[in-house]
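J.: Model the following, please.
(2 chains)
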Amino acid sequence: DTGVSQNPRHKITKRGQNVTFRCDPISEHNRLYWYRQTLGQGPEFLTYFQNEAQLEKSRLLSDRFSAERPKGSFSTLEIQRTEQGDSAMYLCASSRTGGDHEQYFGPGTRLTVT
Amino acid sequence: DAKTTQPPSMDCAEGRAANLPCNHSTISGNEYVYWYRQIHSQGPQYIIHGLKNNETNEMASLIITEDRKSSTLILPHATLRDTAVYYCIVRVGNNRLAFGKGNQVVVIP
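T.: Here you go, the predicted model:
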């Protein structure tokens, strides 16, 4: 069990550019979650997958955001035409399905839009 | 999911037990109480969760009142490494976590 990994750990981009983040969950976990955290706030839910199906999206996930989990393993989160307000820590978590299973978080990807 | 109320910050003495309170007066019968913590610039770390009964693991103990309207997370022997933001969350089943601002806990030598 190597835990949840995220790449890159840091990303600096210019406004208007596209960025993509990757999350590798714990191998036996069916559920994968994306959260966003801005300075001084708790993480906010963005979306989650069960296997390859995206089951819920927050209204925070604007049209510029898209997430995929094509084979039910790793996931990518893409932000198109980045804005300065997108600067945040993007966190991925995974869990088993059903019951009260806890979510395990990765270290996050810190995005800075200049 | 029911909302929770935590103090914004608190200090604890190193080596002493740290008791972190949380109010969740609108909790429903099928909602669990979860505790996570986040050390600066890291992802949140799961600590413990429970439904009705008190729970204990290697990290902490969770005490839930009989009416389930409040709970206390107990760190038995606080160390400097326990300095973090602690989040108390209530949720149903295996869906999203709704974090608040949490309780900034500082362990003082």
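
J.: residues near B:P109, how many?
T.: The number of residues packed around B:P109, counting by other C-beta atoms under 10 Å in any protein chain shown, is 7. In this view, the C-beta of every residue, glycine as well, is placed from N, C-alpha and C.

J.: what does chain A put close to chain B?
T.: A:4, A:31, A:33, A:35, A:40-45, A:48, A:56, A:58, A:91, A:93, A:95-108 (C-beta under 8 Å from any C-beta of the partner chain).

J.: Next one: B:K101 from B:K3, what distance?
T.: Summarising the geometry, the distance separating B:K101 from B:K3, computed by C-beta to C-beta, to the nearest Å, is 12 Å.

J.: The lowest-mean-pLDDT helix or strand in chain B: which residues count as buried?
T.: When each helix and strand of chain B is scored by mean pLDDT, DSSP states H and E, strand B:84-92 comes last, with a mean of 91. Taking 16 or more other C-beta atoms under 10 Å in any protein chain shown as the basis for neighbour counts, the residues of strand B:84-92 that come out buried are B:A84, B:V85, B:Y86, B:Y87, B:C88, B:I89, B:V90, B:R91.

J.: residue ranges with poor pLDDT in chain A?
T.: Within chain A, the segments meeting pLDDT under 70 span A:1, A:99.

J.: Chain B now?
T.: Within chain B, the stretches falling below the threshold (pLDDT under 70) are B:1-2, B:93-94.

J.: Which of the residues of chain A next to chain B are buried? Put it as a PyMOL command.
T.: Typed into PyMOL, the line below selects the buried ones among the residues of chain A next to chain B, using 16+ other C-beta under 10 Å:
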select buried, chain A and resi 4+31+33+35+42+43+44+45+48+58+91+93+95+100+101+102+103+104+105+106+107+108
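
J.: Having no further points to raise, I will conclude here.
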